[in-house]
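Novice: quick one: sequence and predicted model below, then my questions.
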Amino acid sequence: MNELVIDGVSKRFGKYEALRDIRFTVAEGEFFTLLGPSGCGKTTMLSCIAGLEKPDSGIIRVGNTVYCDGATGKFLQPEERNLGMVFQSYALWPHMSVAENIALPLQLRKVSKAKQSNLIDSVLEQVGLLEQRERYPHQLSGGQQQRVALARALVYSPSLLLLDEPLSNLDAKLRDSARIWLKKLQKEVGVTTIYVTHDQAEALSLSDRIAVMSTGNMLQVDTPKRIYEHPVSERVADFIGHCNFFSARVVDKRPDLHVLQVGENLRFGVSSGKEMPADGEVRIGIRAEKLELHPRDGVAAAPGTVANRVPGRLDEIAYVGDHYEYRVDVYGQKILVESAQEFPIGEVTVVIPENDVYILKADKS
Ligand code: ATP
């Protein structure tokens with residue numbers, strides 16, 4: 001298998017540690033995304049794979065081809081790695097037609113003229129731009145230019161496709177359709193793809209797996225569903241979606257549920273299948289859309305009793321188009337709840353989902 005293996009890669013810029021002992025494997029044909037906030041090291045990781053940066057230590061290889069090895073000093077130049085790359089700026093030559101732009105990497109590889117023409121036609125067909133073959137970049141929309149850049153990266157059948165925020169210059173509507181199109185194309189072509197973005201929706205919708213990064217560390221590598229539904233740490237949960245975080249104490253461990261206490265008076269159950277730390281102090285997360293709001297139903301639990309239906313006071317409402325964001329006070333705890341249903345300011349009942357409370361571990365700093 002021609003999998004991409006990143007094994008213990010570290011990179012410093014002066015005193016700054018941009019990558020710390022990064023390890024992951026990307027299977028052949030996989031769409032793998034590096035996701036994280038600005039400055040977390042995504043582009044540095046991609047540049048190390050591309051050969052534009054040299055790691056201080058660690059190994060990067062595709063199948064048996066070692067791109068670099070800190071221990072032996074081996075380092076293949078970018079042009080020796082057979083990679084396709086597309087960056088935020090498409091970097092098309094303005095004085096060259098679409099076909100001429102795409103021909104460039106083939107000329108560099110000394111592909112015959114006749115073969116070039118066939119390869120260009122077939123890749124243009126794949127990206128849906130055969131009719132624009134003789135146009136110049138200024139005669140194309142942003143979305144079409146981005147497809148040309150992709151065609152140029154794919155035309156020589158690279159072993160890896162590296163994409164650094166390739167959709168970020170497109171407007172929001174075009175980006176949505178480009179996402180669907182890109183995912184379909186990637187699966188058709190079957191090229192192993194490493195995608196860099198800080199956009200969580202993009203990462204969740206495009207990827208087979210996602211690596212969430214923060215300050216040079218890899219926090220979690222998992223499928224989109226697992227990253228969203230089983231974040232391992234507070235930073236992962238916080239980076240994706242809206243999550244409430246609390247420091248809690250485990251006050252009872254029953255066969256069917258564990259009882260957690262938050263603050264003085266909020267006590268509720270979580271399913272006992274969850275692993276709890278021995279000392280009983282935990283950090284927990286509850287997604288805003290997993291909490292339910294109901295009109296106050298008169299059976300609100302008294303402070304300090306164990307209950308997952310608890311009384312709250314709805315203090316603030318924000319309408320955000322497809323749902324509402326509610327700020328609710330529950331025994332002094334400020335809780336964010338998201339719901340498509342409309343509620344007025346006032347007394348409510350909040351339902352805490354016993355199966356959807358994350359028990360989180362501390363992040364590496
Ligand atoms: P963004 O989404 O903003 O592009 P990123 O996650 O891709 O961010 P990187 O570009 O990889 O982040 O940068 C990681 C850190 O390394 C940043 O703090 C950045 O300032 C630093 N850095 C990157 N390249 C260099 C360089 N050539 N010299 C010094 N510092 C650098």
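Specialist: Perfect, thanks for sending it. Numbering: from 1, shown residues only.

Novice: just the CA coordinates for the helix or strand hosting Lys173, please, in CSV.
Specialist: Element membership for Lys173, per DSSP states H and E: helix 172-189. Below are the C-alpha coordinates for helix 172-189, written out as CSV (Å, rounded to 0.1, in the frame of the first residue of the first chain):
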residue,chain,number,x,y,z
ALA,A,172,-19.9,31.2,0.5
LYS,A,173,-22.4,29.8,-2.1
LEU,A,174,-19.7,28.8,-4.6
ARG,A,175,-17.7,27.2,-1.8
ASP,A,176,-20.6,24.9,-0.9
SER,A,177,-21.0,23.6,-4.4
ALA,A,178,-17.2,23.4,-4.9
ARG,A,179,-17.0,21.2,-1.7
ILE,A,180,-19.5,18.7,-3.2
TRP,A,181,-17.7,18.7,-6.5
LEU,A,182,-14.3,18.4,-5.0
LYS,A,183,-15.2,15.4,-2.8
LYS,A,184,-16.8,13.6,-5.9
LEU,A,185,-13.7,14.3,-8.0
GLN,A,186,-11.3,13.1,-5.3
LYS,A,187,-13.2,9.8,-5.0
GLU,A,188,-13.3,9.4,-8.8
VAL,A,189,-9.6,10.0,-9.2
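
Novice: count the residues that sit near the closest residue to the ligand within the stretch 151-300 of the chain.
Specialist: Nearest residue of the stretch 151-300 of the chain to the ligand (Cβ to the nearest ligand atom) works out as His198 at 5.1 Å. Just so you know, the C-beta spots here come from the backbone N, C-alpha and C atoms, and that holds for glycine as well. By other Cβ atoms under 10 Å, 18 other residues sit near His198.

Novice: is it true that it touches Leu34?
Specialist: No: between His198 and Leu34 there is no contact under Cβ atoms under 8 Å: 9.6 Å.

Novice: find the residues that touch each one of those two.
Specialist: In the contact map built from Cβ atoms under 8 Å, 6 or more residues apart in numbering, the residues linked to both His198 and Leu34 are Lys42.

Novice: what strand or helix carries Gly269?
Specialist: Assigning secondary structure by DSSP H and E places Gly269 in strand 266-271.

Novice: one more: Gly8?
Specialist: strand 4-13.

Novice: does that strand come close to the ligand?
Specialist: Yes: counting by Cβ under 6 Å from any ligand atom, the ligand is contacted by strand 4-13 at Phe13.

Novice: quick one on the thing from earlier: in contact with the residue of the stretch 151-300 of the chain closest to the ligand: list those residues for me.
Specialist: Contact analysis of His198 by Cβ under 8 Å, 6+ apart lists 35-38, 42, 165.
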